[in-house]
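Peer 1: build the 3D model from these lines:
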Amino acid sequence: MAKVGRPTDYHDEMPILLYYAMSEGKSVTRFCRDVSIGRNTFYQWLDRHKEFKDAFDHSEVRCEAFWEDWLVNNFENKNVNSALIKMFFTNRFKWADKSKEEISDRAKSLVESIIDKL
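Peer 2: Residues are numbered from 1 along each chain as shown. Next up, the predicted model:
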């Protein structure tokens with residue numbers, strides 16, 4: 001029986017393209033735009049292509065690390081909008097403020113020692 005529907009745009013280079021795009025901090029949305037696919041297609045590829053899923057799993061960590069590096073490098077930049085940065089990390093990577101109960105004793109003492117030095 002012949003296949004029905006539009007031929008896939010997926011090819012063997014897609015996992016590599018995804019890995020490098022996300023390693024440069026690009027989102028799934030930007031990757032989809034760059035390779036001219038919709039998000040539904042992207043998520044279908046994750047389900048259908050193990051190598052694509054593996055590339056996504058590895059590159060997701062690299063993407064967050066890219067933005068963490070950017071954040072660290074811009075800590076003292078007075079032109080950075082801190083509210084916008086917080087919103088970006090909260091929405092993009094599900095970062096959240098921790099309650100006082102969640103902060104360990106070690107972390108508390110570290111923060112206190114940094115504050116004392118200021």
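
Peer 1: hmm, who's touching stretch 12-25?
Peer 2: 30-31, 34-35, 45, 49, 51-52, 54-56, 58-60, 62-63, 66-67, 70 (Cβ atoms under 8 Å, 6 or more residues apart in numbering). Where you see a C-beta, it was placed from the backbone N, CA and C, and this is true even at glycine.

Peer 1: go with 6 Å
Peer 2: 31, 51-52, 55, 59, 62-63, 66-67 (Cβ atoms under 6 Å, 6 or more residues apart in numbering).

Peer 1: N79 in helix, strand or coil?
Peer 2: When classified by DSSP: H, G, I helix; E, B strand; the rest coil, N79 comes out as coil.

Peer 1: how close does F42 sit to E68?
Peer 2: 24 Å (Cβ to Cβ, to the nearest Å).

Peer 1: same deal with L18?
Peer 2: 20 Å.

Peer 1: for the protein, name the helix or strand with the lowest mean pLDDT.
Peer 2: Counting by mean pLDDT, DSSP states H and E, the weakest-scoring helix or strand in the chain turns out to be helix 105-117, with a mean of 74.

Peer 1: tell me which residues of the lengthiest helix in the chain are tucked away?
Peer 2: Ranked by residue count and defined by DSSP state H, the top helix of the chain is helix 50-73. Buried residues in helix 50-73, counted by 16 or more other Cβ atoms under 10 Å: 52, 55-56, 59, 63-64, 66.

Peer 1: and the closest residue to S59 other than its chain neighbours, what helix or strand is that in?
Peer 2: Once flanking residues are discounted, S59 sits nearest to M22: 3.6 Å by Cβ to Cβ, 6 or more residues apart in numbering. Secondary-structure assignment from DSSP states H and E places M22 in helix 14-23.

Peer 1: send the alpha carbons of that helix over as CSV?
Peer 2: Output of helix 14-23 as CSV, limited to C-alpha atoms (Å, rounded to 0.1, in the frame of the first residue of the first chain):
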residue,chain,number,x,y,z
MET,A,14,18.2,17.1,11.4
PRO,A,15,19.6,15.8,14.7
ILE,A,16,22.9,17.7,14.1
LEU,A,17,21.1,20.8,13.0
LEU,A,18,18.9,20.7,16.2
TYR,A,19,21.9,20.1,18.4
TYR,A,20,23.9,23.0,17.1
ALA,A,21,20.9,25.4,17.0
MET,A,22,20.0,24.7,20.6
SER,A,23,23.7,24.7,21.7
